[in-house]
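>>> please find the sequence and the predicted model below.
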Amino acid sequence: MIDLNEMAEEFDCNFAKNRQVGGDHYVSKDIQPWSAMESWMSEEAFKGFIWGNVIKYIARWEDKGGKHDLEKARHYLDKLIEIV
């Protein structure tokens, strides 16, 4: 069976890890914080971290970051979808 995720990654498709909302302070690093966290944390802990950030940005968007926070929430949600 063809693994479409593997094929897409091989062609450097638009995975959440390949983009950043609001600057380039993470994507410019040699080791991505998400990659480090994913290797150091348990699968459950990493999913919880990602899910917690989705909740954080959705909860505060009207009071703090507006559309930018919704974009960040979507970024974290994209990552969560990729890892489940």
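Happy to help now that I have it.
>>> low-confidence ranges in this protein?
Applying pLDDT under 70 to the chain flags the ranges 1-27.
>>> helices of that one, residue ranges please.
Listed in chain order, the helices of the chain (DSSP state H) span 4-10, 33-40, 43-60, 67-83.
>>> which helices and strands sit right next to the longest one?
Here helix 43-60 touches helix 33-40, helix 67-83, going by 3 or more Cβ pairs under 8 Å, 6 or more residues apart in numbering; DSSP states H and E. No exception for glycine: its C-beta is placed from N, CA and C like everyone else's.
>>> of those, which stretch is the most buried?
Mean neighbour count, computed with mean count of other Cβ atoms under 10 Å, is highest for helix 67-83 among those, reaching a mean of 16.
>>> between it and helix 43-60, how many degrees?
Here the directions of helix 67-83 and helix 43-60 differ by 160 degrees (axes from the mean of the first three to the mean of the last three Cα atoms, to 10 degrees).
>>> alpha carbons only: can I get helix 67-83 in CSV?
Taking Å, rounded to 0.1, in the frame of the first residue of the first chain, the C-alpha atoms of helix 67-83 are listed here in CSV:
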residue,chain,number,x,y,z
LYS,A,67,-7.2,36.5,13.2
HIS,A,68,-3.5,35.8,13.9
ASP,A,69,-4.5,33.6,16.9
LEU,A,70,-7.0,31.7,14.7
GLU,A,71,-4.2,31.1,12.2
LYS,A,72,-2.0,29.7,15.0
ALA,A,73,-4.8,27.5,16.2
ARG,A,74,-5.2,26.1,12.6
HIS,A,75,-1.5,25.5,12.4
TYR,A,76,-1.5,23.5,15.6
LEU,A,77,-4.7,21.7,14.5
ASP,A,78,-3.0,20.8,11.2
LYS,A,79,-0.1,19.3,13.2
LEU,A,80,-2.5,17.4,15.4
ILE,A,81,-4.3,16.0,12.3
GLU,A,82,-0.9,14.9,10.9
ILE,A,83,0.1,12.9,14.1
